[in-house]
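**Student:** Provided below are the primary sequence and the corresponding predicted coordinates.
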Amino acid sequence: MRKKRIAPRTEVEPAGTRFWTSRTGMLHLSPEGFLAEPSHFPSPGEQLKTLPDVRDQPAVVLLGEPGIGKSTALEVEHIRLSSVTDINTRSLHFNLREYSTDSLLIDDVFKNADIERWKIDSTKLYLHLDSLDEALLRIDTVANLLGRRFKSIPKDRLFVRIACRTALWPELTLEPAMQAIWGDEAVTVLELAPLRRFDAEAIARSAGIDVEGFLAEVTRAELAAFAHKPLTLHFLIALFKKNGRLPSSTSDLYRLGCRQLCDEKSPSRRDASRLDGRYLGRLGVEQRLTVASRIAAVTMLANRYAIWTGAETDATPESDVTLAALSGGTELAGSTDFEVSETAVREVLDTGLFSARGNSRMGWAHQSYAEFLAAEYLVGKKALSGKIVRLLTHPNGGLTPQLANVAAWAASLDSNVRKELIAREPLAMLAGDLSLWNDADLSELTKAVIRNYSEQKVFGFRIGLHNALARLKHDGLPALLRVAISDMSLSGPARATACAIAGACSASELEGDLMGLALNAKEEPQLRVAALSALGKIGEPGNWGALKALADGDAGPDPQQELKGKALTLLWPKLMSAEDVFARLVLPNPGYVGSYLMFVTEAGAVAGVVEIGKRRNLQFVKANQNRR
């Protein structure tokens, strides 16, 4: 599929602008770990998009990890479209997390009055569907339902935007269904890029803190991966504001953050929250956190969307859990037992961990709070690891998708749960706090990740996996990876994964191994490409002279010109002049978008060689200009 070129941005976009990249796109991060300003890096900048850039695409899938800002970006785009004066445009927004049955979803989304009016007029409809991964129905059920319903309404005037966690996107069901309706090129799948430093500075400045001091602390504590996500950035700012320093582990970050949200002392909130004539506020912070953990365990394990705070009647939503179900019995906070009454539950619902879901309904302010606290509750109850794993496992086998992050947290907090899950669900474990793991467990997890690819338990390289693989860094990793990279008995995807781990973990000791693999004409081309990708992250350009053979096309099969493209990307401009590059350019393979076409059409190399090409009047330049 031919890429649509995005006009280069000549100015810095305003703070708050979010950028997206395709599944094959490149991201350039600054040394601090933030997204590099697109206008400063023309090549990757041309691959980044904003949602207005894809307004004409009929179907857009918006992926990203928890807390990175997908829902906010989707809602902002809905509000923007709702405010335009174009009478030919409508915009609707629905949160799929709210629907526990297919009939409710169909009635609310596809049979509401706005949809019915749109069907008989001639306007465009932008339909924004948030939180596909949090739907109370099974994800495959929702995916099939949406695919069928999209067919039944005027597809030529429908513009669908769906937000979902990357790991849970049903790419084998809903994506093909959308392509069958609109065509392959009409379906765009994008991944939300991290925040720029510019964005983080603006958010920190608005909070009234010492911006430079805060960012210096982020660097010291190696928390850039959290500072470039809105959810954890706000956590960090709040903790810095209160404590003057930042935690070093993700678990500490969430525990302190949730504790702070439980420590709500706003007089206005207290005045607005009375029960039976008494002010709320009888619990201590640790007691509130304990009750919140109980609520988290119930809502996550029972798959409940909200907490119903009104009277229990036949009108109580099936997707909600009642106060009566959450209260009763005692809990332990510190060394003291306390009663969990309805009053106590209401007090906890009044903290910053929760937000309104409508009349008499409260829900989690962010799903990740519930995931972390549910894991803490299970581990804190000292349940047997086997029982915890069974609670998180789907009857058909494997982790229940909506509980995968709970499992990752539980494995981070309990070494026995960790040992149970490493072999069974290694990729899910990468989402946890691996800073708490010892080297032996990290080594076992690394082996399990590679083994999963070798045994074909997973296929393809998941979006966003690179950042997660960086958490595997530990003593002994280079030796482990050296064996895997050279092990001919392993599958190509498994060895490619070992290369990816080497690059993500900056294992510079493996530069020679990666170079040897890249230059070995007897190896599969895609495996050699994986070695080049890793080499670009850890190698020293001064050692790459031998890669010119790949740029020349003289080092074995290269059917898709991927080796050539990767080699040119690594060699130019430090080891090759514009004249050297142009002498090696040939016509790209028609109909194939890969590293070579990306290099010659969008990379900065074009700026350096185009004038030379014009003077020589070569066929390549003419063909390349026609492609734009």
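**Tutor:** Now that the structure is in, tell me what you want to look at. No experiment lies behind these values; they were computed from the predicted model shown.
**Student:** can you pull the contacts of residue 254?
**Tutor:** 235, 368, 369, 372 (CB atoms under 8 Å, 6 or more residues apart in numbering). No exception for glycine: its C-beta is placed from N, CA and C like everyone else's.
**Student:** quick check: which element contains it?
**Tutor:** Following DSSP states H and E, one finds residue 254 within helix 250-262.
**Student:** could you do residue 363 as well?
**Tutor:** Assigned by DSSP H and E, residue 363 falls in strand 361-364.
**Student:** just residue 177 next, same as before
**Tutor:** Using DSSP H and E, residue 177 maps to helix 174-182.
**Student:** C-alpha coordinates for that helix, PDB please?
**Tutor:** Presented in PDB, the C-alpha positions along helix 174-182 are these (Å, rounded to 0.1, in the frame of the first residue of the first chain):
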ATOM      1  CA  LEU A 174     -12.400  -6.700  13.100                       C
ATOM      2  CA  GLU A 175      -9.600  -5.400  10.900                       C
ATOM      3  CA  PRO A 176     -10.300  -7.800   8.000                       C
ATOM      4  CA  ALA A 177     -14.000  -7.000   8.400                       C
ATOM      5  CA  MET A 178     -13.400  -3.300   8.000                       C
ATOM      6  CA  GLN A 179     -11.100  -3.900   5.000                       C
ATOM      7  CA  ALA A 180     -13.800  -5.900   3.400                       C
ATOM      8  CA  ILE A 181     -16.200  -3.000   3.800                       C
ATOM      9  CA  TRP A 182     -14.000  -0.100   2.800                       C
END
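**Student:** report all helices and strands that the strand holding residue 363 contacts.
**Tutor:** strand 306-308, strand 354-356 (3 or more CB pairs under 8 Å, 6 or more residues apart in numbering; DSSP states H and E).
**Student:** what packs against the last one?
**Tutor:** Just to be clear, that refers to strand 354-356. Using 3+ CB pairs under 8 Å, 6+ apart, strand 354-356 is in contact with strand 361-364.
**Student:** switch the cut-off to 6 Å
**Tutor:** Under the contact criterion of 3 or more CB pairs under 6 Å, 6 or more residues apart in numbering; DSSP states H and E, strand 354-356 touches no helix or strand at all.
**Student:** what residues does residue 118 make contact with?
**Tutor:** By CB atoms under 6 Å, 6 or more residues apart in numbering, the contact list for residue 118 reads 90, 125.
**Student:** looking at this, it is in a helix?
**Tutor:** Yes - applying DSSP: H, G, I helix; E, B strand; the rest coil, one finds residue 118 inside a helix.
**Student:** for it, report the pLDDT, please.
**Tutor:** Looking at residue 118, its pLDDT is 92.
**Student:** please begin residue numbering at 187 from this point
**Tutor:** In the new count, where the first residue is 187, that last one comes out as residue 304.
**Student:** so how far is residue 313 from it?
**Tutor:** According to CB to CB, to the nearest Å, residue 304 and residue 313 sit 9 Å apart.
**Student:** with adjacent residues omitted, what lies nearest to residue 428?
**Tutor:** Leaving aside its sequence neighbours, residue 428 sits nearest to residue 446 (CB to CB, 6 or more residues apart in numbering; 6.6 Å).
**Student:** and that neighbour, how many neighbours?
**Tutor:** 19 (other CB atoms under 10 Å).
**Student:** helices and strands around the helix holding residue 363, which ones?
**Tutor:** Helix 360-368 packs on helix 325-337, going by 3+ CB pairs under 6 Å, 6+ apart.
**Student:** what strands line up against the following helix or strand past the helix it packs on, and which way round?
**Tutor:** Using DSSP H and E, the helix or strand that directly follows helix 325-337 along the chain is strand 344-351. Using DSSP bridges, strand 344-351 pairs in its sheet with strand 245-250 (parallel), strand 310-316 (parallel).
**Student:** what are the buried residues along the helix holding residue 363?
**Tutor:** By neighbour count with 16 or more other CB atoms under 10 Å, helix 360-368 contains the buried residues 360, 361, 363, 364, 367, 368.
**Student:** nearest to residue 527, out of the helices and strands packed on strand 547-550?
**Tutor:** strand 492-494 (14.7 Å; CB to CB).
**Student:** ok, the closest one: who's next to it in the sheet?
**Tutor:** Applying DSSP bridges, one finds strand 492-494 paired with strand 506-508 (parallel), strand 547-550 (antiparallel).
**Student:** by how many degrees do the next helix or strand after the last one and strand 344-351 diverge?
**Tutor:** For strand 547-550, the following helix or strand on the C-terminal side (DSSP H and E) is helix 553-566. Comparing the axes of helix 553-566 and strand 344-351 via axes from the mean of the first three to the mean of the last three CA atoms, to 10 degrees yields an angle of 30 degrees.
**Student:** now the following helix or strand past helix 553-566 against helix 553-566, angle please.
**Tutor:** Using DSSP H and E, the helix or strand that follows helix 553-566 towards the C-terminus is helix 571-578. Per the same axes, to 10 degrees, the angle that helix 571-578 makes with helix 553-566 is 150 degrees.
**Student:** ok, residues contacting the helix or strand just after helix 571-578?
**Tutor:** Next helix or strand after helix 571-578 toward the C-terminus (DSSP H and E): helix 590-599. When contacts are defined by CB under 6 Å, 6+ apart, helix 590-599 is touched by residues 486, 557-558, 560-561, 564-565, 574, 578, 585, 603-604, 607, 614-615, 617-619, 622.
**Student:** CA atoms only for helix 590-599, dumped as CSV, please.
**Tutor:** What follows is helix 590-599 as a C-alpha-only set of coordinates in CSV (Å, rounded to 0.1, in the frame of the first residue of the first chain):
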residue,chain,number,x,y,z
ALA,A,590,-3.6,-9.5,31.6
ASN,A,591,-2.3,-6.4,33.3
VAL,A,592,-3.6,-7.5,36.7
ALA,A,593,-1.6,-10.7,36.1
ALA,A,594,1.5,-8.7,35.2
TRP,A,595,1.2,-6.6,38.3
ALA,A,596,0.6,-9.8,40.4
ALA,A,597,3.8,-11.4,39.0
SER,A,598,5.8,-8.3,39.8
LEU,A,599,4.5,-8.3,43.4
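**Student:** quick check: mean pLDDT of that helix?
**Tutor:** Rounded mean pLDDT across helix 590-599 is 95.
**Student:** and residue 782, what is it in contact with?
**Tutor:** If you count contacts by CB under 6 Å, 6+ apart, then residue 782 has 747, 750, 751, 774 around it.
**Student:** tell me the contacts of the second one?
**Tutor:** When you say that, I think you mean residue 750. By CB under 6 Å, 6+ apart, the contact set of residue 750 is 737, 739, 744, 782.
**Student:** the last one now?
**Tutor:** Applying CB under 6 Å, 6+ apart, one finds that residue 774 lies in contact with 782, 783.
**Student:** pLDDT score for it?
**Tutor:** Confidence score, pLDDT, at residue 774: 85.
**Student:** spatially central residue for the protein, please.
**Tutor:** residue 251 (2.1 Å; CA atoms, centre = their mean).
**Student:** least reliable of the helices and strands packed on strand 547-550 by average pLDDT, please.
**Tutor:** strand 540-542 (a mean of 78).
**Student:** sheet partners, orientation included, of it?
**Tutor:** Neighbouring strands of strand 540-542 in its sheet, by DSSP bridges, are strand 547-550 (antiparallel).
**Student:** how about the strands in the chain?
**Tutor:** Secondary structure of the chain, counting by DSSP state E: strands at 206-208, 245-250, 275-281, 310-316, 344-351, 373-378, 460-461, 464-465, 492-494, 506-508, 516-519, 522-525, 540-542, 547-550.
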